[in-house]
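Student: Got a predicted structure plus its sequence, pasted below:
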Amino acid sequence: MGILQDKHVLVTGVTLDTSIAYAVADIARQEGANVVISAAGRALRLATKVARRLDPDIPVIELDVTDETHLAGLPAALEPHFGDRLDGVVHSIAFAHPERALGGNFLSTQWDDVATALHVSAYSLKSLTMAARPMLGRGSSVVGLTFDAQVSWPSYDWMGVAKSALESTSRYLARYLGPDGIRSNIVAAGPIDTIAKQAIPGANSFNDIWAERAPLGWDAKDAKPAARAVVALLSDWFPATTGEMIHVDGGLHSTGA
């Protein structure tokens, strides 16, 4: 029996099989969970295709976390698969315009691009959680993914700011949902060679930083360590942990120069 046996889990942001979200869905399924995957726009086709590699019968729903109609319809979209109960939500959604909000353009980025980054990458954690709120109950768990935003990173720019907001949003969700027994936590992963990372100018330099400084070493092609942490936080093994950020980065966050 797996640690997510018979739990109902929504995994957002699945694109290619290199993504952390894909690894989460795979491991959650292996651990006994009933999984639904969501994606939006052009990514929906990718998610539908890659879901077949997990299980031909795994459901894929369209969910744009910036669309109020999609959010309002989330319980109805999940009901055929989960009934009225949702045990876990995985937030793996982020976007900032590569040419205007990333790559060293921090000082010249205009508000419209900043607003998009914050809406998609941070506010959506609150929007998604509240859309799922009617199905969440005592013991449910919300887990988001970040690239540790406690410090600044080369080229990361307004996505770093958005990730700071995401991390803070999770802490406030923990505060306000805790009395109802709902947990909210974040996993801070090291750099993974995903399609999202490829959109960040100069992001491959992160691999060199991790290769030099991570005490445990780091494999940027292996999303499973971060995914396992997400699955653990979805499980009942962390019943009194909320508002936390778990680092899965080979220990780099703990080192100085």
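Tutor: Looks like it arrived, so ask away.
Student: Where do the strands of this structure begin and end?
Tutor: Ranges of strands in the chain, per DSSP state E, are 8-12, 34-39, 60-62, 88-91, 141-146, 183-189, 245-248.
Student: So what's the gap between stretch 125-141 and the chain middle?
Tutor: In this view, stretch 125-141 has its centroid 15 Å away from the chain centroid, taken as CA atoms, centre = their mean, to the nearest Å.
Student: Need the distance between the two termini of it.
Tutor: Across its full length, stretch 125-141 reaches 13 Å between end residues, using CA to CA, to the nearest Å.
Student: Identify all contacting residues around that stretch.
Tutor: 10, 12, 65-66, 71-72, 74-75, 78, 82, 84-89, 91, 93, 142, 144, 166, 169-170, 172-173, 177, 180-185, 233-236, 238-239 (CB atoms under 8 Å, 6 or more residues apart in numbering). Using the backbone N, CA and C atoms, a C-beta is placed for each residue, glycine as well.
Student: quick one on the thing from earlier: can you add mean neighbour count, mean pLDDT and distance to R133 and give the strands of the chain back as JSON lines?
Tutor: Listed next are the strands of the chain as JSON lines, based on neighbours: other CB atoms under 10 Å; pLDDT from 0 to 100; distance: least, CB to CB, whole Å:
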{"stretch": "strand 8-12", "mean neighbour count": "27", "mean pLDDT": "98", "distance to R133": "13"}
{"stretch": "strand 34-39", "mean neighbour count": "24", "mean pLDDT": "97", "distance to R133": "16"}
{"stretch": "strand 60-62", "mean neighbour count": "18", "mean pLDDT": "97", "distance to R133": "17"}
{"stretch": "strand 88-91", "mean neighbour count": "29", "mean pLDDT": "98", "distance to R133": "10"}
{"stretch": "strand 141-146", "mean neighbour count": "27", "mean pLDDT": "98", "distance to R133": "10"}
{"stretch": "strand 183-189", "mean neighbour count": "25", "mean pLDDT": "98", "distance to R133": "12"}
{"stretch": "strand 245-248", "mean neighbour count": "18", "mean pLDDT": "98", "distance to R133": "22"}
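Student: could I get those strands as TSV with distance to S108?
Tutor: Compiled in TSV, these are given as follows (distance: least, CB to CB, whole Å):
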stretch	distance to S108
strand 8-12	31
strand 34-39	31
strand 60-62	34
strand 88-91	29
strand 141-146	25
strand 183-189	28
strand 245-248	30
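Student: Next, the contact list for the nearest residue to L44 once chain neighbours are set aside, please.
Tutor: Closest residue to L44 apart from its sequence neighbours, by CB to CB, 6 or more residues apart in numbering: E62 at 5.4 Å. The neighbours of E62, taking CB under 8 Å, 6+ apart as the test, are 38-40, 44, 70.
Student: And for the nearest residue to D17 once chain neighbours are set aside, the neighbour number?
Tutor: For D17, the nearest residue in space outside its immediate sequence neighbours is V50; the separation is 5.4 Å by CB to CB, 6+ apart. Using other CB atoms under 10 Å, V50 is surrounded by 23 other residues.
Student: Quickly note the distance from the closest residue to G217 other than its chain neighbours to L166.
Tutor: With CB to CB, 6+ apart as the measure, G250 is the residue that lies nearest to G217, at 5.7 Å, once sequence neighbours are left out. The spacing between G250 and L166, counted by CB to CB, to the nearest Å, is 21 Å.
Student: who's more crowded, the two?
Tutor: Of the pair G250 and L166, L166 is the one with more neighbours under other CB under 10 Å, namely 26 against 19.
Student: Count the residues that sit near the residue nearest to that one when sequence neighbours are not counted.
Tutor: Beyond its immediate neighbours in the sequence, the residue positioned closest to L166 (CB to CB, 6+ apart) is A122, lying 4.3 Å away. Residues contacting A122 under the criterion other CB under 10 Å number 26.
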